[in-house]
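Chemist: attaching a predicted model along with its sequence, questions to come.
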Amino acid sequence: MSTGSATIDQLEQEMEAEFLEETRDVLNGLEVMLGNFESGLVKADVALKTLRKTFLSMDARSQSVGNVSMSILTHRGCEYLSDLDELTRPGVPDIQVFIDVIRKLLDGGADGEGAAELVRQLPFRRIADFDITEAMKQQNVEVLLVIPDRATGRYVERELAACGYRVSNARGFFKGLEMAVRTQPNLVISAAMLDEASGIDMARALAGIDITAKMPFALLTSFDAGHPSLAGLPPTVAVIKKGNDFGEGIADALAQFKIT
């Protein structure tokens, strides 16, 4: 059994090494493609499609080999690219930052808490209709959403983007836990209804882990604070009610946690 175990360990190490080498080659290829785009040799729509496919592939591959930090960075790249209506030459430096940060991770620039620092080096997402000013950028506030419904998630993202905050959406319970631990956001906002578990379970789970125990958490729900359906919610959790009072609820949650 020990021989078999050693063989599996060897194979896993080989797969990880192959993945890292392949990723370096992929990043080099992206840089060449971006150079050709800037020179007019590659059309904007082709370049953007290539970037999206490549980041999706890197994300899937990093998950398959269990490289969590890489998956977080490539996931953020996928989100950033999904917000772009088109790729422009002035936007190339932002893409280069993603490449440089991922390369830094490949070279051993982060593990554990270091991954949170790398995430904060990534460009702001370009939510349509909002211009993130330099003053807003200086806030450097990271908000993690755990909202499965895409329409609701996009609506919350837009509200937070208007404040100049960095926003990412994990969409699922376990991915949300993983990203909260790894990226150490300034605030987590979770929907009450998730997939494998609930937003209340998410709040209780994070409250029970030392590294996230004091992490600001808000629950997005149809119920008022104190409703029986919210029994078990830690007392420090802010409640943001859906509907007409949503904007006020967001503002109250930010004020409660002294996030400006």
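Modeler: Thanks, I have the structure now. Since the model is a prediction, treat every value here as computed from it, not as a measurement.
Chemist: and Val46, how far from Ser82?
Modeler: To Ser82, Val46 is 17 Å away according to C-beta to C-beta, to the nearest Å. To be clear about C-beta, it is placed using only N, CA and C from the backbone, and glycine gets the same treatment.
Chemist: which stretches of the protein form strands?
Modeler: Along the chain, counting by DSSP state E, strands occupy 142-146, 166-169, 187-191, 217-221, 238-241.
Chemist: dump the ones you listed to a markdown table, plus mean neighbour count.
Modeler: Conversion of the strands of the chain to a markdown table gives the following (neighbours: other C-beta atoms under 10 Å):
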| stretch | mean neighbour count |
| --- | --- |
| strand 142-146 | 23 |
| strand 166-169 | 23 |
| strand 187-191 | 25 |
| strand 217-221 | 25 |
| strand 238-241 | 20 |
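Chemist: and the closest residue to Leu87 other than its chain neighbours, how far is that from Asp245?
Modeler: Nearest residue to Leu87, sequence neighbours excluded (C-beta to C-beta, 6 or more residues apart in numbering): Leu48, at 4.2 Å. Between Leu48 and Asp245 the computed distance is 38 Å (C-beta to C-beta).
Chemist: looking at the chain, which helix or strand does the model trust least?
Modeler: Between all helices and strands in the chain, the lowest mean by mean pLDDT, DSSP states H and E belongs to helix 134-137, at a mean of 47.
Chemist: Thr74 reaches Arg52, doesn't it?
Modeler: No: using C-beta atoms under 8 Å, Thr74 is not in contact with Arg52; the gap is 11.4 Å.
Chemist: hey, least reliable of the strands of the chain by pLDDT?
Modeler: The stretch with the lowest mean pLDDT among those is strand 166-169, at a mean of 90.
Chemist: so the nearest residue to Thr50 once chain neighbours are set aside versus Thr74, what's the distance?
Modeler: Leaving out its chain neighbours, the residue that sits closest to Thr50 by C-beta to C-beta, 6+ apart is Met33, at 6.0 Å. Distance, Met33 to Thr74, by C-beta to C-beta: 17 Å.
Chemist: more crowded one of these two?
Modeler: Thr74 (25 against 18; other C-beta atoms under 10 Å).
Chemist: quick one: that one from Leu106, how far?
Modeler: Thr74 is 12 Å from Leu106, by C-beta to C-beta.
Chemist: quick check, Lys242 in contact with Asp224.
Modeler: No: the pair Lys242 / Asp224 is not scored as a contact, 11.0 Å apart, by C-beta under 8 Å.
Chemist: give me the more crowded residue out of those two.
Modeler: Lys242 (15 against 11).
Chemist: which ones are touching the more buried one?
Modeler: Leu220, Thr221, Ser222 (C-beta atoms under 8 Å, 6 or more residues apart in numbering).
Chemist: how much space between the residue nearest to the spatial centre of the chain and Gln184?
Modeler: When C-alpha atoms, centre = their mean is applied to the chain, the residue found nearest the centroid is Ser168 (3.9 Å). From Ser168 across to Gln184, the span is 12 Å (C-beta to C-beta).
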